[in-house]
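# Next come a sequence and a model predicted from it.
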Amino acid sequence: MEMCANAFLFSILFLSLSLNSAANVDILRPNQNITDGSTIVSAGGHFELGFISPGSSTNRYVGIWYKKIPAKTIVWIANKETPLNTTSGILKHNINGNLIILNGLGHVVWSSNSSTSVNNPVLQLLDSGNFVIRDENDSDTENYAWQSFDNPGNTFLPGSKLGWNLETGLERYLSSWKSEDDPSPGEYTYHVDRDGYPQLIMRKGSAIDFRAGTWNGVRFSGSPNLKPNRIYHSDFVSSNKELYYHYEVVDASIPTRKIINSLGKSQTWMWIEQSQTWQLYLTAQKDECDHYALCRAYGSCNINSSPACECLDGFEPKSQKEWDVADWSSGCVRKVQLSCTDGDGFVKHPGLKSPDARQSWFDRNMTLDECKSMCLRNCSCTAYANTDIRGSGSGCLLWFNELIDIKEHKQNGQDLYIRISASELAKGRSKVRFIIIPIILTVTMMLGVCLWAIRMRWKKHAGGNRRLFFKTDGGNRNGDVDSELPLFDLTTLANATNGFSTNSKLGEGGFGSVYKGMLHEGKEIAVKRLSKDSTQGLKEFKNEVSCIAQLQHRNLVKLLGCSMQKGERMLVYEYMPNKSLDSFIFDKEQSKVLDWPKRYNIIYGIARGLLYLHQDSRLRIIHRDLKASNVLLDHGMNPKISDFGTARICGETETGANTTKVVGTYGYMSPEYAIDGKFSIKSDVYSFGVLLLEIVSGESNANFTHPDHNFNLLGHAWRTYTNYETLDIVDEVIAKSIHEHQLEVFRAINIGLLCVQQYPADRPTMASVVLMLTSKVPLPQPKQPGFFTERKLHERDSATNYLTVTTMAPR
Ligand code: ACK
């Protein structure tokens, strides 16, 4: 009876000291505990701590998660390897102030095991997500008796440290979970490695799986995507006491976490409030070349080369036979051994992920010249580089032994100076001479020939017209429709445009200039004044005018009339106040105006306009020069296709033709048109696909560059699509706000890729495109795009230029 009464009293006492979920407290005192179902919440309400089951597991763990994020995202777990299988667990202080978890039988299943004790221990959950044991009267971070940030799992939060306390020998490293449902340590761990020069290394078991590399003042040399940005700052701290990597979020209210997932991928995630989802911001490992030491000794990996592994200059495969079958395992060896005493030298390799630095030596105060002589003086020194690439570079890092795990990064890589023998160095110099001199001679000769050809052409055509006008194949089948289009008086247009003043000028094109004007009745117009030296005759001009006059669609710019007087030829269009699409999508500031719904509306409008040209209008018209600068935007940002100067009318049953004169713009021309002069409605579909991907990404196809490869935008979109990272191409300006439209964006990219497929027969018609855009019909898998591989220099240089008429030999 007495026992019963005691148990009853104990239960009453116990219940009164347990916290419940309603109590919004962040501190747990020695006489308090947390039972399953009750939690504590950090002061600002960012994090919550209590019992939880990850994924679909039914096991109970003490964990920390984001309080305000509905889908519980766990950032830390205490008893990773000792879960409870009932809900009778209790979290409390033990007699020493340590944190313990008891199971239903009162057995300790986990303890914080801190050897540091404090006088008045309290447990506190901080707004950073750190759970600490401290003295109630001392909140100095240095004096915590224990903290969860010192015992991370798979998550690395802003403000925590990845690396070493050199005084205590404590290492904080990340361990992957076994699976989404099992937080016990998986195969991967992410460490700051202290052998040689510190580097960030992912291990699978004890083997290195990925090396983010050495910190070069800006980033880890193997993480070119880690750029200074407006979202978070990261840094690597190296002092006598500590060696660690950390990062801070500029806007601390944006939940951000870095994790290593159970497949060993290091990822940075950000919470998007608007769409209530996590967005993947950065992935450290991108491609095959990130496999540690793929190309072995003195091999360099370039994902855009085939095969990806190459020996560095001055080196050759150890076994050519193996190398020929893409077996890199024996790596490369020197063509000529170093002599050390006989004046070895160095070859500069720019844009590299520097080699594994576990066998290296460094001095952060030396200059590069001092570094070079230091390396020369030591016969086993194989390479040198700056430790810090900021400014003109500083510090000295020397490698000894073989150089391994080198990757090429066109952008954000660093310079490495590799030691080779004097004779190899001399060969290299003469090779450069051998290559450069003929190149200079050839380029000079070609320039001469081009200048001469241009001069001759000018003489002949007096600045010849670069545009083709509408031309009905086999004559004008449209009858005389001139009377349908108003003729403007030249004086009226001159008055409307202040005498074609420079102030009224909107811009120029290959055809002449465009002026803004206002008619007497206050109507705004755009006057296209074709240049006088146009070689086009009156007949073609009338033909063009009459053709456009027959086109009426809300997504085509409306022709209001024309003027033909005193040798002047002018076209009068409705005025579009928002200018052309390119001035929005390719401008980082202006593009903010175009959120996803607006971009989608523009894509859809262009598709409708093109469908009208191809199919619904009385004529079948191929535009031939669809591009961002030929789409104008009205007051409501609705798109209007303009510039029919190069368009061609086909017979109602024809869908294309051949031409010996290719007109269009680099980056938008389909392969069959650019190469063979074959234009068809499918070459317009190709241009539409390019334009669609430009609108989604905010990048110009022809001017696109990427640090990791040399593809144009199409190649990049194809690459991300095949890597299941389709949404990676989305313009960063809208990336954070597309979550509720993700499916639509994904479909749009898929449709874009279908339109730019290499073979015209594979591309959809505009009718199918419109259907795909407006319905949820399943989309086919796109095949490889045309014109997506490495661009040649000339192509890139002239990327933004209008391609002048090119005469091509008939096939
Ligand atoms: O981007 P923009 O300002 O828009 O620069 C070009 C320039 O003339 C040469 O084509 C602008 N432009 C052409 N047609 C019109 C129009 N109907 N309304 C307004 N601007 C126009 C175009």
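Alright, I've got the coordinates. Note that the coordinates shown come from a computational prediction; the quantities given were computed from them, not determined experimentally.
# mind checking the SS state of the closest residue to S329 other than its chain neighbours?
Spatial nearest neighbour of S329, excluding adjacent residues (CB to CB, 6 or more residues apart in numbering): R296 at 6.3 Å. No exception for glycine: its C-beta is placed from N, CA and C like everyone else's. Here R296 is recorded as coil under DSSP: H, G, I helix; E, B strand; the rest coil.
# Any figure for the gap between R296 and the ligand?
Using CB to the nearest ligand atom, to the nearest Å, R296 is found at 53 Å from the ligand.
# and that residue, how many neighbours does it have?
When neighbours are defined as other CB atoms under 10 Å, R296 has 19 of them.
# so what's it up against?
W328, S329, S330, G331, C332, I404 (CB atoms under 8 Å, 6 or more residues apart in numbering).
# Name the residues of the chain found near the ligand, please.
Residues of the chain found near the ligand (CB under 6 Å from any ligand atom) are 506-509, 514, 526, 557, 573, 575-576, 579-580, 583, 632, 642.
# Restricted to strands, list these.
Using DSSP state E, the subset of these located in strands is L506, G507, E508, G509, V514, A526, Y573, L632.
# Hmm, the last one is touching G609, no?
By that I understand L632. No: between L632 and G609 there is no contact under CB atoms under 8 Å: 10.9 Å.
# all strands of the stretch 501-650 of the chain, in order?
Using DSSP state E, counting those that start in this stretch, the strands of the stretch 501-650 of the chain run over 505-509, 512-518, 524-530, 559-565, 568-574, 620-622, 631-633, 639-641, 648-650.
# The first one packs against which elements?
Contact here means 3 or more CB pairs under 8 Å, 6 or more residues apart in numbering; DSSP states H and E; on that basis strand 505-509 packs against strand 512-518.
# Could you rerun that using 10 Å?
Counting contacts by 3 or more CB pairs under 10 Å, 6 or more residues apart in numbering; DSSP states H and E, strand 505-509 is packed against strand 512-518, strand 524-530.
# now the angle between strand 524-530 and the first one, please.
Here strand 512-518 runs at 160 degrees with respect to strand 524-530, directions being taken by axes from the mean of the first three to the mean of the last three CA atoms, to 10 degrees.
# So what's the model's average confidence on strand 512-518?
For strand 512-518, mean pLDDT is 90.
# Endpoint to endpoint, stretch 313-320 covers what distance?
Taking CA to CA, to the nearest Å, stretch 313-320 runs 16 Å from one end to the other.
# One more: stretch 161-176?
Note: stretch 161-176 ends 17 Å apart using CA to CA.
# And stretch 197-217, by the same measure?
End to end - CA to CA - stretch 197-217 spans 13 Å.
# closest to Q359 out of the helices and strands packed on strand 505-509?
strand 512-518 (65.1 Å; CB to CB).
# mind listing what the closest one pairs with, with the direction of each?
As defined by DSSP bridges, the strand partners of strand 512-518 come to strand 505-509 (antiparallel), strand 524-530 (antiparallel).
# what angle sits between that strand and strand 568-574?
Strand 512-518 runs at 50 degrees relative to strand 568-574, counting by the same axes, to 10 degrees.
# buried stuff in strand 512-518?
Buried residues in strand 512-518, counted by 16 or more other CB atoms under 10 Å: G512, S513, V514, Y515, K516, G517.
# Stretch 588-597: which residues count as buried?
Neighbour-count burial for stretch 588-597 [16+ other CB under 10 Å]: Q590, S591, L594, W596.
# ok, those vs the ligand, which is closest?
Nearest to the ligand, judged by CB to the nearest ligand atom, of the buried residues of stretch 588-597 is Q590 at 10.9 Å.
# that older thread, want to try CSV for the helices and strands packed on strand 505-509, with distance to N365 as columns?
Output for the helices and strands packed on strand 505-509, formatted as CSV (distance: least, CB to CB, whole Å):
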stretch, distance to N365
strand 512-518, 61
strand 524-530, 64
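# Out of those, which gets nearest to R364?
Closest approach to R364 among the helices and strands packed on strand 505-509 (CB to CB): strand 512-518, 58.5 Å.
# now the closest one, how far from the centre of its chain.
Mean-position distance between strand 512-518 and its chain equals 39 Å (CA atoms, centre = their mean, to the nearest Å).
# which regions of the protein lie under the pLDDT threshold?
1-24, 428-440, 448-484, 510, 532-544, 546-547, 618, 651-656, 658-662, 789-811 (pLDDT under 70).
# could you show me where the helices are in the stretch 301-450 of the chain, in order?
Shown for the stretch 301-450 of the chain, the helices assigned by DSSP state H, counting those that start in this stretch span residues 320-324, 368-377, 422-461.
# Just give me the longest strand of this structure.
The residue-count maximum for a strand in the chain (DSSP E) belongs to strand 182-193.
# Which positions in it come out as buried?
Neighbour-count burial for strand 182-193 flags D182, P183, S184, P185, G186, Y188, T189, Y190, H191, V192, D193 (criterion: 16+ other CB under 10 Å).
# Out of these, which is nearest to R219?
Nearest member of these to R219, counting by CB to CB, is V192, at 14.6 Å.
# So what sits opposite the residue in the chain that the ligand sits nearest to in the bridge?
Closest approach between the chain and the ligand, counting by CB to the nearest ligand atom: G507, at 2.6 Å. Going by DSSP bridges, G507 is paired in beta bridges with V514.
# And this structure, what are its domain boundaries?
Under the assignment automatic domain parsing, the domains of the chain span 1-151, 152-286, 289-420, 467-574, 582-804.
# between those domains, which one is nearest to V443?
Judging the domains of the chain by CB to CB, what sits closest to V443 is domain 582-804, at 11.0 Å.
# Tell me which of the domains of the chain approaches M446 most closely.
Going by CB to CB, the one of the domains of the chain nearest M446 is domain 582-804, 10.6 Å.
# quick one: which of the buried residues of stretch 588-597 is nearest T705?
Among the buried residues of stretch 588-597, and counting by CB to CB, the member closest to T705 is S591, at 17.7 Å.
# Can you tell me the closest non-neighbouring residue to I695?
Excluding its sequence neighbours, the residue lying closest to I695 (CB to CB, 6+ apart) is R599, at 5.1 Å.
# Surely that neighbour and V745 touch.
Yes: contact criterion CB atoms under 10 Å: R599 and V745 qualify, at 8.9 Å.
# In three-state terms, label V25 for me.
coil.
# Number of residues surrounding the residue nearest to it when sequence neighbours are not counted?
The spatially closest residue to V25, leaving aside those adjacent along the chain, is I40, at 5.5 Å (CB to CB, 6+ apart). I40 has 24 neighbouring residues, counting by other CB under 10 Å.
# which other helices and strands contact the strand or helix carrying I40?
If you go by DSSP states H and E, I40 is part of strand 39-41. For strand 39-41, the elements it packs on are strand 47-52, strand 61-66, strand 121-125, judged by 3+ CB pairs under 10 Å, 6+ apart.
# N94: neighbouring residues, count only.
Taking other CB under 10 Å as the criterion, the count of residues near N94 is 14.
# which SS class is the closest residue to it other than its chain neighbours?
Among residues not flanking N94 along the chain, I100 sits closest, at 4.7 Å (CB to CB, 6+ apart). Secondary structure for I100, judged by three-state DSSP, is strand.
# separation between I100 and R29?
To R29, I100 is 15 Å away according to CB to CB, to the nearest Å.
# Good, we can wrap up now.
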